[in-house]
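Enquirer: give me the fold of what follows.
(one chain, ligands or ions: 2)
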Amino acid sequence: MKIQFLGAAQTVTGSCHVIEAAGHRFAVDCGMHQGNKAIEDRNFDTELYRPESIEFILLTHAHIDHSGLIPRMSANGFKGKVYCTAPTCDLVTLMLEDSAYIQEMEYSWREKQRKRTGKKEENDLLYSVEDAQKCVKQISVVEYDTPFEPAPGIKVTYKYAAHILGAAFIIIDITENGENKRLTFSGDLGRPENMLLFDPSPLEKTDYLFLESTYGNRDHKDEKNSLDELAEAIDRSYKMGGKVIIPTFAVERAQEIMYCLSLLDIQGKIPENMPIYLDSPLAIKATEVFINYKDKLDFHEISNNISALRDFSKKVRYTLKTEESQALNAMNGPAIILSASGMCNAGRIKHHLKHTIWRPETSIVFVGFQAVGTLGRKIVEGATSISLMNNELNVSAKIYTINGFSAHAGQKELLEWVSTIAESKPHVVLIHGEKTAQETLAGLIKEKFSLNVTIPEYLEELELTEKADHSKIAPSLAKHSMPKLDWQFVLEDLDTRIKQVHTKLADVQQRPWEDQTEIHDKLAKLNHDIYKLIAEL
Ligand SMILES: [Zn+2]
Ligand SMILES: [Zn+2]
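Expert: Ligands and ions are numbered 1, 2, ... in the order given. Model (predicted):
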């Protein structure tokens, strides 16, 4: 019995854990890698997944970092079922189609660039809308707390994880060579005091716990403070006549923030003449799914004030069409705009940032995790300027990072969850977190509960041997995907090019003055880019 980590290993995105056991090969999640180019290139390494031999996928929840590669797997030979809960089925259907649409748009943009610069065509479309529509036909809906057997010897139970509507943690009981072993995957674990969802189900005794660790090194501020901070951002921009821009994940976070805004509205903290826009077609459609499942949501804070909630929902303006979204950029005066994507790496939010980030009256409110390499991460880490859609923009807006709305358990909550089964001595494997967060959490789990903790690398294989505490790690394959960087070559090459510029200078000086200024400006820009790079080192 063994497991390979094809993503979310010392990173947060790309969740995919492939298990070989009892003569079967299957995956828990199959998510998209998100971040800088090197990370996103992993999405194209399809052969590493061997999709044709994956018998089924157990999907924990709809988020794209858990589901986003399923269309590519199906288009490349995966023929099995994708198991998930009913709300996840509805949400993931929307999300994959939206993701595919973005892939198609970005692909045609790249093609256009290539044509313009005389480069040849490349087949780098990750998947098409048609692929996404096809793969959702493979979904098979399952109920919480109801075991089922996707293959002989493998029994699976979905449990309530609270992270987003439909999210599950998954218990897998495997019988191999007459021996039983239990593997538990936390998926993304929610928080007990989540605004819209009930508390996660308790953990049960297990041999292996594959635990997410997004916030392994920090706790969240409480929600009351977060609501106050959101109110402060609204008040500030309202008084200055600016916009409050909230980059938000379209599913769950957008609905939760709307719910928070409705709480502030009830408290009279949203000015009458400050319109609220939900500017994300995906978020708008996902909100409909939430309304369909409203009996599965926990409106505890508002249950006495349902008419106020209705009044609020009438205030929100939904901008489905592109032109409506563009009109917001031209609009003056205070407004609250929720738009996707949550990490600012795609979608309409990029346009809103382009039009507002350089204005001091803008407040940009981050309400979710920002992965390494994303534009959102750069902004929250204090970038004073950003490059966005071929523009260099100063960051003059006030940046708020409000982490009290997180859909993930914080350090304290993760430890509490583990503590309930610590006596049974499970082997803990940390996934879905950055290395520093994982090392902190691992240290605490070892210290408090004396458990074995493993932090696997990308592509590493873990042999699940007879006794959980005698597990051994197979040699890492990660080196294959991270070739050694040839610094010497790139620096020498750069020196050679600069020398070539010197030798051509005499010719350049014979050209018309306009040509010379253009070349001069290009060199000045290069010089500035190198200056900026040096400042980052
Ligand atoms: Zn998630
Ligand atoms: Zn996740």
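
Enquirer: helix or strand for Gly382, just tell me which one.
Expert: For Gly382, there is no host helix or strand (DSSP states H and E).

Enquirer: what count of nearby residues applies to it?
Expert: 8 (other C-beta atoms under 10 Å). Where C-beta positions appear, they are placed from N, C-alpha and C, glycine not excepted.

Enquirer: for it, what are phi and psi?
Expert: phi 100, psi 20 (degrees, to the nearest 10).

Enquirer: got it, and the one 4 residues further on?
Expert: When quoted as degrees, to the nearest 10, the phi and psi of Ile386 stand at phi -130, psi 150.

Enquirer: same question, the one 4 residues further on
Expert: Here the main-chain torsion angles of Asn390 (degrees, to the nearest 10) amount to phi 60, psi 20.

Enquirer: distance-wise, check it relative to Ser406.
Expert: Per C-beta to C-beta, to the nearest Å, Asn390 is found 33 Å from Ser406.

Enquirer: Ala254 too?
Expert: 14 Å.

Enquirer: Ala383 too?
Expert: Taking C-beta to C-beta, one finds Ala383 at 22 Å from Ser406.

Enquirer: list the buried residues of stretch 2-10.
Expert: Using 16 or more other C-beta atoms under 10 Å as the test for burial, stretch 2-10 gives Ile3, Gln4, Phe5, Leu6, Gly7, Ala8, Ala9, Gln10.

Enquirer: now, which of the residues you listed sits nearest ligand 2?
Expert: Ala8 (7.1 Å; C-beta to the ion).

Enquirer: I'd say the closest one and Cys16 touch.
Expert: Yes - taking contacts as C-beta atoms under 8 Å, Ala8 lies within contact range of Cys16: 7.3 Å.

Enquirer: which residues are in contact with each of those two?
Expert: Asp29, Gly31 (C-beta atoms under 8 Å, 6 or more residues apart in numbering).

Enquirer: Leu459: neighbouring residues, count only.
Expert: 20.

Enquirer: same check on the one 5 residues further on?
Expert: One way to gauge burial is a neighbour count; for Leu464, by other C-beta under 10 Å, it gives 21.

Enquirer: what's the nearest residue to it if we skip its chain neighbours?
Expert: Excluding the flanking residues, the one nearest Leu464 by C-beta to C-beta, 6 or more residues apart in numbering is Met1, at 4.3 Å.

Enquirer: confidence score at that neighbour?
Expert: pLDDT for Met1: 93.

Enquirer: which one of the buried residues of stretch 2-10 is nearest to Ser226?
Expert: Checking the buried residues of stretch 2-10 against Ser226 with C-beta to C-beta, the nearest one is Ala8 at 26.0 Å.

Enquirer: sec struct for that closest one, please.
Expert: What DSSP: H, G, I helix; E, B strand; the rest coil gives for Ala8 is coil.

Enquirer: ok, the longest helix along the chain near ligand 2 or not?
Expert: What stands out as the longest helix in the chain, according to DSSP state H, is helix 86-116. No - taking C-beta under 5 Å from the ion as the criterion, helix 86-116 and ligand 2 are apart, separated by no less than 12.6 Å.

Enquirer: report the contact partners of the residue of the stretch 101-250 of the chain found nearest ligand 2.
Expert: Here the stretch 101-250 of the chain gets closest to ligand 2 at one residue, Asp188, 4.4 Å apart by C-beta to the ion. Shown in contact with Asp188 (C-beta under 8 Å, 6+ apart): 60-61, 63, 66, 161, 163-164, 167, 212, 214, 407-408, 432.

Enquirer: near ligand 1, from those residues?
Expert: Contacts with ligand 1 within the contacts of Asp188, counted by C-beta under 5 Å from the ion: His63.

Enquirer: closest to ligand 1 among the contacts of Asp188?
Expert: His63 (3.5 Å).

Enquirer: tell me, how many residues neighbour the closest one?
Expert: 28.

Enquirer: can you read off the pLDDT for it?
Expert: On the pLDDT scale, His63 gets 93.

Enquirer: so how far is Tyr208 from Asp173?
Expert: 12 Å.

Enquirer: quick check: neighbours shared by the two?
Expert: Lys181, Arg182.

Enquirer: of these two, which one has the most company?
Expert: Tyr208 (23 against 18).

Enquirer: who does the more buried one form a beta bridge with?
Expert: On the basis of DSSP bridges, Tyr208 is bridged to Leu183, His427.

Enquirer: what sits against it?
Expert: Lys181, Arg182, Leu183, Thr184, Pro426, His427, Val428, Val429, Leu464, Ala468.

Enquirer: number of residues surrounding the residue nearest to Glu111 when sequence neighbours are not counted?
Expert: If the residues on either side of it in the chain are set aside, Glu111 comes closest to Glu121, at 6.7 Å by C-beta to C-beta, 6+ apart. Neighbours of Glu121 under the rule other C-beta under 10 Å: 9.

Enquirer: and the gap between Glu121 and ligand 1?
Expert: 35 Å (C-beta to the ion, to the nearest Å).

Enquirer: run through the strands of the stretch 51-200 of the chain in chain order.
Expert: With strands called from DSSP state E, counting those that start in this stretch, the stretch 51-200 of the chain shows them at 56-58, 81-84, 139-141, 148-151, 154-160, 168-176, 179-185.

Enquirer: give me the mean pLDDT for the last one.
Expert: This means strand 179-185. Rounded mean pLDDT across strand 179-185 is 96.

Enquirer: likewise the fifth one?
Expert: Along strand 154-160, the predicted local confidence has a mean pLDDT of 98.

Enquirer: does ligand 2 sit close to stretch 10-23?
Expert: No - residues of stretch 10-23 are not located near ligand 2 by C-beta under 5 Å from the ion, the shortest gap being 5.9 Å.

Enquirer: may I have that stretch as PDB, with CA atoms only?
Expert: Output in PDB follows, covering the C-alpha atoms of stretch 10-23 (Å, rounded to 0.1, in the frame of the first residue of the first chain):
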ATOM      1  CA  GLN A  10       4.900  21.800   0.800                       C
ATOM      2  CA  THR A  11       2.500  24.100  -1.100                       C
ATOM      3  CA  VAL A  12      -1.100  24.900  -0.800                       C
ATOM      4  CA  THR A  13      -2.400  24.200  -4.300                       C
ATOM      5  CA  GLY A  14      -2.700  21.200  -6.600                       C
ATOM      6  CA  SER A  15      -4.100  18.700  -4.100                       C
ATOM      7  CA  CYS A  16      -3.900  15.200  -5.600                       C
ATOM      8  CA  HIS A  17      -2.900  12.200  -3.600                       C
ATOM      9  CA  VAL A  18      -2.800   8.900  -5.500                       C
ATOM     10  CA  ILE A  19      -3.100   5.700  -3.500                       C
ATOM     11  CA  GLU A  20      -2.300   2.200  -4.600                       C
ATOM     12  CA  ALA A  21      -3.900  -0.400  -2.400                       C
ATOM     13  CA  ALA A  22      -5.700  -3.700  -2.500                       C
ATOM     14  CA  GLY A  23      -4.900  -4.000  -6.200                       C
END
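
Enquirer: tell me the buried residues in it?
Expert: For stretch 10-23, by 16+ other C-beta under 10 Å, it's Gln10, Thr11, Val12, Thr13, Gly14, Ser15, Cys16, His17, Val18, Ile19, Glu20, Ala21.

Enquirer: next one: stretch 131-141
Expert: Buried, per 16+ other C-beta under 10 Å, within stretch 131-141: Asp131, Ala132, Cys135, Val136, Gln138, Ile139.

Enquirer: what separates it from the chain centre, distance-wise?
Expert: 21 Å (C-alpha atoms, centre = their mean, to the nearest Å).

Enquirer: take the buried residues of stretch 10-23 and keep only those in strands.
Expert: Taking DSSP state E, the ones among the buried residues of stretch 10-23 that sit in strands are His17, Val18, Ile19, Glu20, Ala21.

Enquirer: so which bits of the stretch 101-250 of the chain are right by ligand 2?
Expert: Asp188.

Enquirer: which residues of the stretch 101-250 of the chain lie near ligand 1?
Expert: Asp188.

Enquirer: and the closest residue to Thr85 other than its chain neighbours, how close does it get to Tyr144?
Expert: Spatial nearest neighbour of Thr85, chain neighbours left out: Gly166 (4.6 Å); criterion: C-beta to C-beta, 6+ apart. From Gly166 over to Tyr144 the distance is 10 Å, taken as C-beta to C-beta.
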